[in-house]
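*Asks:* Here you go, sequence then predicted model.
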Amino acid sequence: MNIEFNKNEDINKQLLYDVNTRLKKIYAGGGAKAAEKQKAKGKMLARERISYLIDADSEWLEIGAFVAEDMYQEQGGCPSAGVITGIGYVSGRQCMIVANDATVKAGAWFPMTAKKNLRAQEIAMENRLPTIYLVDSAGVFLPMQDEIFPDKEHFGRIFRNNALMSSSGIVQISAIMGSCVAGGAYLPIMSDEAMIVDGTGSVFLAGSYLVKSAIGEDIDNETLGGASTHCEISGVTDYKHPNDQACLDSIRNIMSMIGAPQNAGFDRIKSASPKKEEKEIYGILPENREKPYDMRDIIERLVDNSEFEEYKQLYGQSIICGLGRIDGWAVGIVANQRKVVKSKKGEMQFGGVIYSDSADKATRFIMNCNQKKIPLVFLQDVTGFMVGSRSEQGGIIKDGAKMVNAVANSVVPKFTIVIGNSYGAGNYAMCGKAYDPRLIYAWPSAKIAVMGGSQAAKVLLQIEESSLKAKGEEITQEREDELLKEITDRYTRQTTPYYAASRLWVDGIIDPLETRKVISMGIEAANQSPIEKKFNVGVMQT
């Protein structure tokens, strides 16, 4: 070990500490007082419900924990968008779980709440995962109704998805464990089975106050839409339970009887840990995002037995492609090489940049993995495609388009881990969020933006200076430095993994040591959804 390794290790562990500190606050939801109010009603908290529901000592993969962080501050904040989503095991079966957190604004739906729910349903639909909704919500957050109600990807899309999921045979079970109001009442009732907790659960299109206002009828909420009403009179709900625990036990019992899913046929053998120490990743990954390192050192600490069958090793060296196994699953890995190498043509290939030959290699490798039915894993640390006259004349746009085309048309499941930089068109070619990865997670060291911070800040400074000069303002050196710092700080803040995770550009921020778990659980989920389409790269120039 050297000083550089130890420095990297300290920096990366500090970044991870910051992630865990933020998560601890997020996991507290609306805080201790709000939690006490829920407990006083005899209710379990949302995370307690999930913990009770999933199998003991089983893995839990949370999706979107950081969603809405540092957003909605004028409304008092909305930790985790007021809903907890993730993949867990119930009676041995992998499921998508969606649980409203009533400690956060009574579980009200903010714009990011809807986006997060839609992401959970998207994952469930792609992987044919049974879905369990633990409903406890006051409905749409009315002051922001214009940002959540009418558009295609807004609140109503959730119920459309309910219908499509049921029609395609994806099991949905809903438990009404608190309020379930107005449009939100459709979600549990559009599920295949709905149960309700006596005394705390209620479901109605309009509460007692609105009923009084609309038609002048005096009625209490329990009589209007409580467990007795819907289990004994209306028949809206299917099961009535005395408390949260009994309700969750019932879900576990139902899940234990669901038939086995079809198998997509992805290859898996007995899992083996990497032979090289995984924790050394902290020391290998530079604290400075511009510094080079050998991506093979990372790959060998992620794959089983540290064994990696590299494809076209001496060609297109700014991208590494090859076959390996992660937790027993066969995978094809496409990774940006950050080590500066010299090609056989005598050219220096700079770290993290995609060259024409690298794009060509990656395209061919992606096609091979589709032919062999091998899931793809993308490890991003990319600054973009190579620019300049030599690259343009060599057809970098054409070769880059081929790679983007192959990624877009890939039918095997794709998983993306943003390790470091994720800039510009490199984000697209390396299967960014727009290219439908089944899961996409970031390490604490990730940075996502259209270009690097220093380059972007200089461009933005030029624009700002031109605007000020047009207004007749004189730009002193002191003012220029001040503007540059202001622009750089703002841009840097927007490139952090927290900014990306808050807006659901990534599904979460993980410890690098959790990478194997994310990929393994993701492929296990994908294996429940047979591939029905054939790989077709479409029209590509040669």
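*Replies:* That came through, no problem. Keep in mind it's a predicted model, so treat the numbers as computed, not measured. Numbering: from 1, shown residues only.

*Asks:* same question for stretch 88-101, mean pLDDT?
*Replies:* Here stretch 88-101 scores 97 as its mean pLDDT.

*Asks:* give me every residue that touches Ala501.
*Replies:* By Cβ atoms under 8 Å, 6 or more residues apart in numbering, Ala501 lies in contact with Gly64, Ala65, Phe66, Val67, Glu69, Ala442, Asp507, Gly508, Ile509. From N, CA and C alone the C-beta is placed, and that goes for glycine too.

*Asks:* Apply 6 Å and report the result again.
*Replies:* Contact partners of Ala501, counting by Cβ atoms under 6 Å, 6 or more residues apart in numbering, are Phe66, Ile509.

*Asks:* That one and Val418: what is the separation?
*Replies:* According to Cβ to Cβ, to the nearest Å, Ala501 and Val418 sit 10 Å apart.

*Asks:* Show me the strands in the stretch 251-400 of the chain, by range?
*Replies:* Counting by DSSP state E, counting those that start in this stretch, the stretch 251-400 of the chain has strands at residues 309-311, 319-326, 329-336, 341-342, 348-349, 353-354, 376-382, 384-385.

*Asks:* For the ones you listed, could you give me a markdown table that also reports distance to Lys275 and mean neighbour count?
*Replies:* Formatted as a markdown table, the strands of the stretch 251-400 of the chain follow (distance: least, Cβ to Cβ, whole Å; neighbours: other Cβ atoms under 10 Å):
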| stretch | distance to Lys275 | mean neighbour count |
| --- | --- | --- |
| strand 309-311 | 15 | 16 |
| strand 319-326 | 12 | 24 |
| strand 329-336 | 17 | 25 |
| strand 341-342 | 25 | 12 |
| strand 348-349 | 28 | 14 |
| strand 353-354 | 30 | 26 |
| strand 376-382 | 19 | 27 |
| strand 384-385 | 34 | 23 |
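
*Asks:* For those strands, which has the smallest mean pLDDT value?
*Replies:* Lowest mean pLDDT within the strands of the stretch 251-400 of the chain: strand 348-349, a mean of 63.

*Asks:* coming back round to it: just put the strands of the stretch 251-400 of the chain in CSV and tack on distance to Ile487.
*Replies:* Formatted as CSV, the strands of the stretch 251-400 of the chain follow (distance: least, Cβ to Cβ, whole Å):
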stretch, distance to Ile487
strand 309-311, 41
strand 319-326, 32
strand 329-336, 27
strand 341-342, 34
strand 348-349, 31
strand 353-354, 24
strand 376-382, 23
strand 384-385, 20
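
*Asks:* Of all those strands, which one is nearest Ala260?
*Replies:* Smallest distance to Ala260 across the strands of the stretch 251-400 of the chain (Cβ to Cβ): 18.8 Å, for strand 329-336.

*Asks:* what packs against the closest one?
*Replies:* strand 319-326, strand 376-382 (3 or more Cβ pairs under 6 Å, 6 or more residues apart in numbering; DSSP states H and E).

*Asks:* and Ser213, which of those strands is closest to it?
*Replies:* Ranking the helices and strands packed on strand 329-336 by proximity to Ser213 (Cβ to Cβ) places strand 376-382 first, at 53.1 Å.

*Asks:* Please, where are all the strands along the stretch 1-150 of the chain?
*Replies:* 61-63, 83-90, 93-100, 131-137.

*Asks:* any idea which of those strands is most buried?
*Replies:* strand 131-137 (a mean of 27; mean count of other Cβ atoms under 10 Å).

*Asks:* Note down every partner strand of it and its orientation.
*Replies:* strand 93-100 (parallel), strand 172-181 (parallel) (DSSP bridges).

*Asks:* quick one, the first one and strand 83-90 angle?
*Replies:* So the one you mean is strand 93-100. Interaxial angle of strand 93-100 relative to strand 83-90 (axes from the mean of the first three to the mean of the last three Cα atoms, to 10 degrees): 160 degrees.

*Asks:* Off-centre distance for strand 93-100?
*Replies:* 15 Å (Cα atoms, centre = their mean, to the nearest Å).

*Asks:* what does that strand contact?
*Replies:* So strand 93-100 is contacted by 46, 49-50, 83-86, 88, 107, 120, 124, 129-137, 255, 525 (Cβ under 6 Å, 6+ apart).

*Asks:* count of residues packed around Phe204?
*Replies:* Residue crowding around Phe204 was assessed by other Cβ atoms under 10 Å; the count is 22.

*Asks:* repeat for Gly76
*Replies:* By other Cβ under 10 Å, the burial measure for Gly76, its neighbour count, is 9.

*Asks:* next one: the one 4 residues further on
*Replies:* The number of residues packed around Ser80, counting by other Cβ under 10 Å, is 25.

*Asks:* ok, now Lys275?
*Replies:* Using other Cβ under 10 Å, Lys275 has 12 neighbouring residues.

*Asks:* and what of Ser306?
*Replies:* 18.

*Asks:* swap in Lys276?
*Replies:* If you count neighbours by other Cβ under 10 Å, Lys276 ends up with 16.

*Asks:* Which pLDDT does the model give the residue nearest to it when sequence neighbours are not counted?
*Replies:* Nearest residue to Lys276 in three dimensions, chain neighbours excluded: Ser306, at 4.6 Å (Cβ to Cβ, 6 or more residues apart in numbering). Here the pLDDT value assigned to Ser306 is 98.

*Asks:* most distant residue from the middle of this protein?
*Replies:* Distance from the C-alpha centroid of the chain, by Cα atoms, centre = their mean, peaks at Gly472 (46.6 Å).

*Asks:* Could you measure from that residue over to Val341?
*Replies:* Gly472 is 51 Å from Val341, by Cβ to Cβ.

*Asks:* do the same with Lys275
*Replies:* Per Cβ to Cβ, Lys275 is found 25 Å from Val341.

*Asks:* Likewise for Pro79?
*Replies:* Taking Cβ to Cβ, one finds Pro79 at 45 Å from Val341.

*Asks:* go on, Pro444?
*Replies:* Going from Pro444 to Val341 by Cβ to Cβ gives 27 Å.

*Asks:* if we can go back for a sec, for the residue nearest to Lys276, what are its contacts?
*Replies:* The contact partners of Ser306, by Cβ under 6 Å, 6+ apart, come to Pro274, Lys275, Lys276, Glu300.

*Asks:* Tell me how many other residues crowd Leu164.
*Replies:* 12.

*Asks:* And it, which helix or strand is it part of?
*Replies:* Using DSSP states H and E, Leu164 falls within helix 156-167.

*Asks:* Using PDB, write out every CA atom in that helix.
*Replies:* Only the C-alpha atoms of helix 156-167 are listed here, as PDB (Å, rounded to 0.1, in the frame of the first residue of the first chain):
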ATOM      1  CA  GLY A 156     -53.200   8.900 -13.200                       C
ATOM      2  CA  ARG A 157     -50.500   6.900 -14.900                       C
ATOM      3  CA  ILE A 158     -50.200   4.700 -11.800                       C
ATOM      4  CA  PHE A 159     -53.800   3.400 -12.100                       C
ATOM      5  CA  ARG A 160     -53.300   2.800 -15.800                       C
ATOM      6  CA  ASN A 161     -50.200   0.700 -14.800                       C
ATOM      7  CA  ASN A 162     -52.400  -1.100 -12.200                       C
ATOM      8  CA  ALA A 163     -54.700  -2.200 -15.000                       C
ATOM      9  CA  LEU A 164     -51.900  -3.200 -17.400                       C
ATOM     10  CA  MET A 165     -50.100  -5.200 -14.700                       C
ATOM     11  CA  SER A 166     -53.200  -7.200 -13.800                       C
ATOM     12  CA  SER A 167     -54.100  -7.900 -17.400                       C
END
